[in-house]
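Chemist: Show me how the following folds:
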Amino acid sequence: MRHIAITVMLLAVLSISVSSLFSFDNGQQAQAAEVQVETIPEPIYEFGLCVDSFKVVTAKIKPNQFLADILLKHHIPYPIIDKLVRETKEIFDVRKIRSGNTYHVFCSNDSLEKANYFVYQPNLVDYIVFEIGDSTVSAYKGAKEVTIREKTAYGTINSSLYQTLADANVSPKLAVELSNIYAWTIDFYRIQKGDGFKVVYEERVVDGEAIGIGKIIAANFSHWGEDYYAYSFAQNGQEDYFDEEGNSLRKAFLKAPLKFSRISSRFTLKRYHPVQKRNKPHYGTDYAAPKGTPIMAVGDGVIIASSYSKYNGNFVKVKHNSTVTTQYLHMNKRNCKVGDRVRQGDIIGYVGSTGLATGPHVCFRFWKNGKQVDHLKEKFPPSLPIEKQFKADYRKQKIELKNKLDLVGKENKEVIS
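Modeler: So this is what the prediction gives:
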């Protein structure tokens with residue numbers, strides 16, 4: 001019995017020892033597991049260069065500042081600067097460096113801080129990298145990745161579309177894009193207070209910062225109580241905008257020869273002439289705009305007159321087809337010659353006040369079958385509609401886009417008013 005008791009005691013002691021041993025071992029493992037493994041951070045690259053390896057100086061080009069002014073401060077001598085200018089001219093002419101644009105100098109990470117690379121950004125996307133060695137120089141162009149995010153906006157017009165967007169700190173380029181889409185449908189000089197719009201559009205983004213407006217995906221412009229839908233759709237590799245029925249919004253002629261202006265005088269058979277001081281017919285529509293504003297051809301055609309006369313000043317006349325001819329008077333400068341073929345939207349001249357004019361404007365005249373008519377009352381045929389083989393795809397896409405437009409204004413998106 002005594003032997004049994006001793007054996008039991010020994011087994012108990014052994015059990016405690018083993019338990020303690022495992023407990024100690026687990027504690028060691030747990031402690032080891034708690035040890036943090038030091039991670040090496042990923043190197044940061046910008047413009048194809050490892051930022052961590054340099055001291056980077058970032059600034060903007062100052063007025064009347066040249067490349068030499070910058071590089072001399074970073075220990076690059078005149079002979080190397082001259083070589084850099086000459087040998088990289090085909091990549092980028094440094095004389096085109098403009099004040100206000102951003103540059104970066106990648107300096108050696110030592111006490112000398114000598115420039116190894118000079119990076120110039122003419123805009124937020126493109127950049128030019130100049131490599132500066134002790135005896136060799138080189139340059140290459142690059143571009144930052146541009147991502148696209150979908151945005152929506154809506155609003156009610158109080159004064160003008162352009163001003164409505166500007167007041168809301170939304171890029172006025174959206175107004176330009178809308179005016180391009182609806183140029184054949186809506187006269188933007190006649191939009192009234194209470195007109196409204198909804199738009200789904202793309203915003204271009206670089207490094208998380210919005211840099212501008214991309215294409216408009218879909219829009220609805222409410223004008224004089226009528227809704228005008230526009231849906232982006234591509235057929236046969238050509239993207240265009242179409243209405244609810246699949247008709248192109250692109251008509252044979254633009255509604256006006258200027259993008260933004262105001263009508264200062266309309267087509268009328270009886271108008272008091274401000275210079276001649278008498279009543280006489282006015283067979284055109286006057287669009288007042290600042291001197292130098294581009295004047296566009298309202299449709300494809302051939303220049304049949306580009307000249308100057310006492311009353312018309314500098315003027316251009318375009319023959320579009322056997323039926324329609326247009327004329328543009330009082331130009332400051334003509335941008336075409338007789339025989340030139342022009343496309344819709346081409347710049348054929350610039351607003352001025354030459355001839356019999358009291359201020360800068362373009363007098364736009366429209367001939368139909370040899371007779372001058374009021375173009376604002378003309379209805380022009382649409383361009384080619386959605387082709388038969390694409391109709392099913394268009395209907396599907398139109399429904400999706402219309403649903404998106406219907407949601408605009410019901411979400412916390414950009415509110416413009």
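
Chemist: Now do the helices in the stretch 51-200 of the chain.
Modeler: Counting by DSSP state H, counting those that start in this stretch, the stretch 51-200 of the chain has helices at residues 67-72, 78-87, 161-167, 173-181.

Chemist: Of these, which is nearest Asp110?
Modeler: Asp110 lies closest, by C-beta to C-beta, to one member of these: helix 67-72, at 17.6 Å. Where C-beta positions appear, they are placed from N, C-alpha and C, glycine not excepted.

Chemist: partners of the top strand by length along the chain, with directions?
Modeler: Identified as the longest strand of the chain according to DSSP state E is strand 209-223. In the sheet, strand 209-223 lines up against strand 196-206 (antiparallel), strand 226-235 (antiparallel) (DSSP bridges).

Chemist: So which of those strands is the most surrounded?
Modeler: Mean neighbour count (mean count of other C-beta atoms under 10 Å) peaks for strand 196-206 among the strands paired with strand 209-223, with a mean of 20.

Chemist: List the contacts of the longest strand of the chain.
Modeler: Applying C-beta atoms under 8 Å, 6 or more residues apart in numbering, the contact partners of strand 209-223 are 124-125, 146, 148, 150, 171, 173-174, 177-178, 181-182, 186, 191, 195-205, 227-232, 239, 241, 401-402, 404-405.

Chemist: What mean pLDDT does it get?
Modeler: Average pLDDT, strand 209-223: 92.

Chemist: Just the CA trace of it, in PDB.
Modeler: The C-alpha trace of strand 209-223 is given here as PDB (Å, rounded to 0.1, in the frame of the first residue of the first chain):
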ATOM      1  CA  GLU A 209      -9.300  65.600 -57.700                       C
ATOM      2  CA  ALA A 210     -11.900  66.500 -60.300                       C
ATOM      3  CA  ILE A 211     -10.200  68.000 -63.300                       C
ATOM      4  CA  GLY A 212     -13.200  68.600 -65.700                       C
ATOM      5  CA  ILE A 213     -16.300  67.300 -67.300                       C
ATOM      6  CA  GLY A 214     -16.300  64.300 -69.600                       C
ATOM      7  CA  LYS A 215     -19.200  63.400 -71.800                       C
ATOM      8  CA  ILE A 216     -22.900  63.800 -71.000                       C
ATOM      9  CA  ILE A 217     -24.600  60.400 -70.700                       C
ATOM     10  CA  ALA A 218     -28.200  61.500 -70.600                       C
ATOM     11  CA  ALA A 219     -30.100  64.800 -70.100                       C
ATOM     12  CA  ASN A 220     -33.500  66.200 -70.000                       C
ATOM     13  CA  PHE A 221     -34.000  69.900 -70.700                       C
ATOM     14  CA  SER A 222     -37.400  71.400 -69.800                       C
ATOM     15  CA  HIS A 223     -38.000  74.400 -72.100                       C
END
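
Chemist: list the buried ones in that strand?
Modeler: Within strand 209-223, the residues that count as buried by 16 or more other C-beta atoms under 10 Å are 211-214, 216-223.

Chemist: quick check, nearest of these to Thr268?
Modeler: Scanning the buried residues of strand 209-223 for proximity to Thr268, where the rule is C-beta to C-beta, the winner is His223, at 23.6 Å.

Chemist: how far away is that closest one from Asn314?
Modeler: In this view, His223 and Asn314 are 34 Å apart by C-beta to C-beta, to the nearest Å.

Chemist: cool, His282 as well?
Modeler: Per C-beta to C-beta, His282 is found 19 Å from Asn314.

Chemist: So if we follow the domain assignment, how does the chain break up?
Modeler: By the record's domain assignment, the chain is partitioned as 45-143, 147-250+407-416, 262-377 (automatic domain parsing).

Chemist: In TSV: these, plus distance to Asp393.
Modeler: Listed next are the domains of the chain as TSV, based on distance: least, C-beta to C-beta, whole Å:
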stretch	distance to Asp393
domain 45-143	32
domain 147-250+407-416	8
domain 262-377	27
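
Chemist: where in the stretch 301-417 of the chain is pLDDT low?
Modeler: For the stretch 301-417 of the chain, the stretches with pLDDT under 70 are 411-417.

Chemist: Can you show me the strands along the stretch 251-400 of the chain?
Modeler: Along the stretch 251-400 of the chain, the segments classed as strands by DSSP state E, counting those that start in this stretch run 262-265, 268-272, 279-282, 285-288, 294-296, 301-309, 313-319, 324-334, 341-342, 347-351, 361-368, 371-373.

Chemist: got a list of contacts for the fifth one?
Modeler: Meaning strand 294-296. If you take C-beta under 8 Å, 6+ apart as the criterion, strand 294-296 is touched by 254, 257-259, 316, 328, 331, 344-351, 362.

Chemist: closest to Thr39 among those?
Modeler: Top of the list for closeness to Thr39, among the contacts of strand 294-296 and by C-beta to C-beta, is Lys259 at 55.3 Å.

Chemist: Val170 versus the closest one, what's the distance?
Modeler: Going from Lys259 to Val170 by C-beta to C-beta gives 18 Å.

Chemist: Pro79 now?
Modeler: According to C-beta to C-beta, Pro79 stands 50 Å off from Val170.

Chemist: Just want to know which of the two has more residues nearby.
Modeler: When neighbours are counted by other C-beta atoms under 10 Å, Pro79 and Val170 differ, and Val170 comes out ahead with 17 against 9.
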